[in-house]
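Chemist: Kindly return the folded structure for what I paste below:
(6 chains)
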Amino acid sequence: MLLHTVKTSPFQTLAISNCLDLLADGDTLLLIEDAVVASQADHPLYAQLKLLADQGRLMVLDADLEARGIQNRIGTRCSYLDFVALVIKHQSQLAW
Amino acid sequence: MLLHTVKTSPFQTLAISNCLDLLADGDTLLLIEDAVVASQADHPLYAQLKLLADQGRLMVLDADLEARGIQNRIGTRCSYLDFVALVIKHQSQLAW
Amino acid sequence: MTEKKMGIINRCLPHGSAHGRESLDLTLAMSAFNESISLFFIGDGVYQLLAGHSPADILQKHYQPLFKMLELYDIENIYVCSASLRQRRLTTEMLIIEVTPLAREQLQVKLAEQQQLLSF
Amino acid sequence: MTEKKMGIINRCLPHGSAHGRESLDLTLAMSAFNESISLFFIGDGVYQLLAGHSPADILQKHYQPLFKMLELYDIENIYVCSASLRQRRLTTEMLIIEVTPLAREQLQVKLAEQQQLLSF
Amino acid sequence: MDNQKTKFSVVVTGAPYGSQSASSAYQFCAAATLAGHEIAGVFFYQEGVLNASQLVSPATDEINLPDLWATLAKQYQFPLEVCVSAALRRGVVDQQEAKQLSLAQFNLKSPFVLSGLGQLAELSANCDRLVQF
Amino acid sequence: MDNQKTKFSVVVTGAPYGSQSASSAYQFCAAATLAGHEIAGVFFYQEGVLNASQLVSPATDEINLPDLWATLAKQYQFPLEVCVSAALRRGVVDQQEAKQLSLAQFNLKSPFVLSGLGQLAELSANCDRLVQF
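Modeler: Model prediction:
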């Protein structure tokens, strides 16, 4: 089980897209930094992320949403403490 | 008339895509650094770039192709001296 | 030596990179020397203006209030890409300053008018 | 203290950034301490291995020959994403070292086997 | 493993200013220590080596990330290892390297130390979880 | 304008190592001077300020971009202006700033100079073409 972390916007880079290509069934995706916009804006990968969110596998770092004044529409908001717990819960982390 | 310069791969960033959205009729696109792969690989924007190339409006920096061992399939290869001349020929340059 | 019509283009989200903050610094400083500055917010750049930034918890500088200085510094040509707003479910009312929304073709015309462009 | 199964993932083109070069440096150095290293080349990372780099004209270091050291350093698990090759019209014969091409599902399995991942 | 102490090694590849990632890494380390976990060490690589400069001088209303790293590392007693080859290329040198390279100045901040990639191998072996930023 | 001398101002926003863009900017300047054009000046902003560090120490078989800038600027007599606020945040300081900030060391390389954004305004006004990397 991998924890994938993505930090860039789906409007700027293909990191989320490249990540989704390799995301396995038990894996979790955590959006941090600029990537948190993917939980709010309309972009080509939104539907795919919503599916992940419905399975409880999409997390969004709270502090990064707040910093940008963005309200997420999908995904579970989480704190840095939750981030630490997510790393522990998964065998390894992959930073995109 | 603008000279648009893009330096990132279409597999990594949306710079080429965002650039094409704003490219006006008389504008030229110059691919430099990692962006030169866009003149060789199969990617979603290839057909659009080929159209530009057919109009003589797609340039590819020679030294960056050579450095990566890549052969361009579309676009006009150009040197740094040509790059300088392109900047002079256009009213302004927009770096993506 | 004459001032040039200069377009400053903002394309990035706030805080993930320093582009937005350093673009604003540059804009405010340049305005003392150049009265022909136009600002463009396209793509993720529109989030620079979305009211309600609160970056203390991520240790970043809260520079958003400085956008209010643009008016004091007589920078009035502030253009926002309307398609970029729509795609992000934003409206001009949600932005912290008054802006002129432009469609793609209008943006192309405005960009072509500039003699120099800086992109952040 | 026991060595971990470590996967090192290469995702970038050569020369535009130092990711490829510094990933290779790290791999070669780590191999003296860890015998359980696997290398992955996915997306634009496959260009790292495309024979024929010639970066002298862009003032960058020609580090590609160092990939030949992987064999001497007993790094044998070298996986390349076959879809990424196809999309770039490349074949394993065009690469400077011998690699194992993997389909997406096989890559997922290999990645899941690693205890630690570093991505460049 | 959830209810016990976990040992983290953290790899930082972003500069202290200009991109957020080094600051995210710092906040992750701060949260991990707060939760009672242990940091085996932080390894600075690529642009991350710039976190080790004593010359970073932000305005007074901004955070100084090199200072924050130094304080956290002292408080929780973990090493801040800076890859020497990545550092030299980017202009981060300690007093000894400066002497060897005939440079009149140096800029490595204490308690950051220049070290080889072998230290990363040790941090990798000596942790439960490796995290990269 | 094609057959006459053009005056360029160049804005560099990338670090000397880690990304190619500063080296592309250098090669553009070298080509422009070779073609008989003039460089009004180079302005270093954002990560570009790191090009001005005298501590950048690549291996002997690699180029030293700060050295290359210094040589080209001396040969063709154009200024290398470094934005002071962007520089301080990233740990690039000259001797005078170091004194003012009570730093024991400094790292600005000659002939790079720390200057304000007003210098960019001057370079912008005083050129035929502004190019950004």
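
Chemist: quick one, what contacts the residue of chain E found nearest chain A?
Modeler: For chain E and chain A, the shortest gap (C-beta to the nearest C-beta) falls at E:Ala31, measuring 3.7 Å. (Each C-beta comes from the backbone N, C-alpha and C, glycine too.) For E:Ala31, the contact set (C-beta atoms under 8 Å, 6 or more residues apart in numbering or on different chains) comprises A:Ser79, A:Tyr80, A:Leu81, A:Phe83, A:Val84.

Chemist: where does the chain dip in pLDDT?
Modeler: Unless you meant another one, I'm taking chain A. Applying pLDDT under 70 to chain A flags no residue at all.

Chemist: wrong one, chain C
Modeler: Scanning chain C for pLDDT under 70 picks out C:1.

Chemist: Do a quick rundown of the strands in it.
Modeler: Along chain C, the segments classed as strands by DSSP state E run C:6-10, C:37-41, C:77-81, C:100-102, C:116-119.

Chemist: Now mean neighbour count and distance to chain A too, for those, in CSV please.
Modeler: Shown next, in CSV, are those (neighbours: other C-beta atoms under 10 Å in any protein chain shown; distance: least, C-beta to the nearest C-beta, whole Å):
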stretch, mean neighbour count, distance to chain A
strand C:6-10, 24, 13
strand C:37-41, 24, 13
strand C:77-81, 20, 12
strand C:100-102, 18, 17
strand C:116-119, 24, 13
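
Chemist: Count the neighbours of residue 15 for me.
Modeler: Chain wasn't specified; assuming chain A. Per other C-beta atoms under 10 Å in any protein chain shown, the neighbour tally for A:Ala15 reads 23.

Chemist: you looked at the wrong chain, it should be chain C
Modeler: Neighbours of C:His15 under the rule other C-beta under 10 Å: 28.

Chemist: and the gap between it and A:Gln93?
Modeler: Separation of C:His15 from A:Gln93 (C-beta to C-beta, to the nearest Å): 22 Å.

Chemist: try C:Glu3
Modeler: According to C-beta to C-beta, C:Glu3 stands 50 Å off from A:Gln93.

Chemist: Those two: which is more packed in?
Modeler: Remark: of C:Glu3 and A:Gln93, A:Gln93 carries more neighbours, 23 against 16, as counted by other C-beta under 10 Å.

Chemist: Taking chain A, what residue is nearest to chain B?
Modeler: Closest point on chain A to chain B, by C-beta to the nearest C-beta, is A:Thr13, at 5.0 Å.

Chemist: Tell me how many other residues crowd that residue.
Modeler: Neighbourhood size, A:Thr13 [other C-beta under 10 Å]: 21.

Chemist: which residues sit in contact with it?
Modeler: B:Gln12, B:Thr13, B:Leu14.

Chemist: again, but for C:Ser84
Modeler: Shown in contact with C:Ser84 (C-beta under 8 Å, 6+ apart): C:Phe41, C:Ile42, C:Gly43, C:Asp44, C:Gly45, C:Val46.

Chemist: Need the three-state assignment for E:Ala40.
Modeler: The three-state assignment at E:Ala40 reads strand, by DSSP: H, G, I helix; E, B strand; the rest coil.

Chemist: ok, it touching E:Asn126?
Modeler: Yes: taking C-beta atoms under 8 Å as the definition, E:Ala40 is a contact partner of E:Asn126 at 5.2 Å.

Chemist: Overlap of the contact sets of these two?
Modeler: Common neighbours of E:Ala40 and E:Asn126 are listed as E:Lys7, E:Ser9 (criterion: C-beta under 8 Å, 6+ apart).

Chemist: okay, the two: which has more neighbours?
Modeler: For E:Ala40 versus E:Asn126, neighbours defined as other C-beta under 10 Å are more numerous around E:Ala40 (20 against 14).

Chemist: Distance-wise, check the more buried one relative to E:Leu108.
Modeler: E:Ala40 is 21 Å from E:Leu108, where distance means C-beta to C-beta.

Chemist: and what of A:Leu30?
Modeler: 33 Å.

Chemist: who's in contact with C:Gly43?
Modeler: The contact partners of C:Gly43, taken as C-beta under 8 Å, 6+ apart, are A:Phe11, A:Gln12, B:Asn18, C:Arg11, C:Cys81, C:Ser84.

Chemist: of these, closest to C:Lys61?
Modeler: Distance to C:Lys61, by C-beta to C-beta, is smallest for C:Arg11 among those, at 19.6 Å.

Chemist: my read: the closest one touches C:Asp44, true?
Modeler: Yes: contact criterion C-beta under 8 Å: C:Arg11 and C:Asp44 qualify, at 6.4 Å.

Chemist: What sits closest to C:Tyr47 if chain neighbours are left out?
Modeler: Closest residue in space to C:Tyr47, ignoring its immediate chain neighbours: C:Leu13 at 5.0 Å, by C-beta to C-beta, 6 or more residues apart in numbering or on different chains.
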